[in-house]
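Enquirer: sequence plus the predicted model coming up.
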Amino acid sequence: MPGASPVHAGSVLQRLERTGLAATRALSGAGLLALMFLAAMTLVDGLARSLANRPIEGVRDIGAVAIALAVTCCIPVGLMERSNITIRFIESFIGPAAGKMAHAKETTWVLKIPTAPFIVADLILLALLAFFPAISLWLPTLLKS
């Protein structure tokens, strides 16, 4: 902002960082709800197996999707809080082109739900939420100027 005082610019960026942190914490809460849902489904499936000898079909598939969603929801808050995380993808071992091909036709085990739409949704969510961590990483540099 030309002509704006550094104190005013800093307070705007600090408010933006606080807002981003609050938003990413709420998103991580959604990830926690996904994990709690998975835990409840696993419990009900276990009880159905032991008491009625009738497992719930697809719990494993839904669990895979819930875990992917939970992880994706928690990454932005880790970035906002400047935590250290490491993510290793299959692409790092077999190359990006082969990695895309490996995920393109992948489905869940029992229900045969295509996983590609969930991967795309995760990537879009990460891209949308990258704005707030970027601000938090640049904030100290911007405040010094």
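Expert: Ah, there it is.
Enquirer: low pLDDT regions in the protein?
Expert: Counting by pLDDT under 70, the chain contains low-confidence residues at 1-10, 84-104, 109, 132-133, 135-136, 139, 142-145.
Enquirer: sticking with the residue most central in space within it, tell me its helix or strand.
Expert: Note on the chain: the residue nearest the mean C-alpha position is residue 72, at 1.1 Å, using Cα atoms, centre = their mean. Taking DSSP states H and E as the criterion, residue 72 maps to helix 59-80.
Enquirer: now that helix: buried residues?
Expert: Of the residues in helix 59-80, those with enough neighbours to count as buried (16 or more other Cβ atoms under 10 Å) are 59-66, 68-70, 72-77, 79-80. C-betas here are computed from N, CA, C, even on glycine.
Enquirer: just the residues contacting it, thanks.
Expert: Applying Cβ atoms under 8 Å, 6 or more residues apart in numbering, the external contacts of helix 59-80 come out as 17, 20-21, 24-25, 27-28, 30-32, 34-35, 37-38, 41-42, 45, 85, 87, 108-111, 113, 115, 118-119, 122, 125-126, 129-130, 132-133, 136-137.
Enquirer: return the members of those classed as buried.
Expert: Listed as buried from these are 17, 20-21, 24, 27-28, 31, 34-35, 38, 41, 45, 108, 113, 115, 118-119, 122, 125, 129, 132-133, 136; burial here means 16+ other Cβ under 10 Å.
Enquirer: re earlier: report the distance from the helix holding residue 72 to the chain centre.
Expert: When C-alpha coordinates are averaged (Cα atoms, centre = their mean, to the nearest Å), helix 59-80 and its chain have centres 5 Å apart.
Enquirer: ok, stretch 112-123 next?
Expert: On the basis of Cα atoms, centre = their mean, the separation between the geometric centre of stretch 112-123 and that of its chain is 13 Å.
Enquirer: ok, and what's touching it?
Expert: Applying Cβ under 8 Å, 6+ apart, the set of residues contacting stretch 112-123 from outside is 61, 64-65, 68-69, 72, 103-108.
Enquirer: burial check on residue 18, number of neighbours?
Expert: The criterion is other Cβ atoms under 10 Å. On that basis, residue 18 has 11 neighbouring residues.
Enquirer: what packs against the top helix by length along the chain?
Expert: In the chain, ranked by residue count with DSSP state H as the criterion, the top helix is helix 6-52. Using 3 or more Cβ pairs under 8 Å, 6 or more residues apart in numbering; DSSP states H and E as the contact test, the elements touching helix 6-52 are helix 59-80, helix 116-129, helix 131-144.
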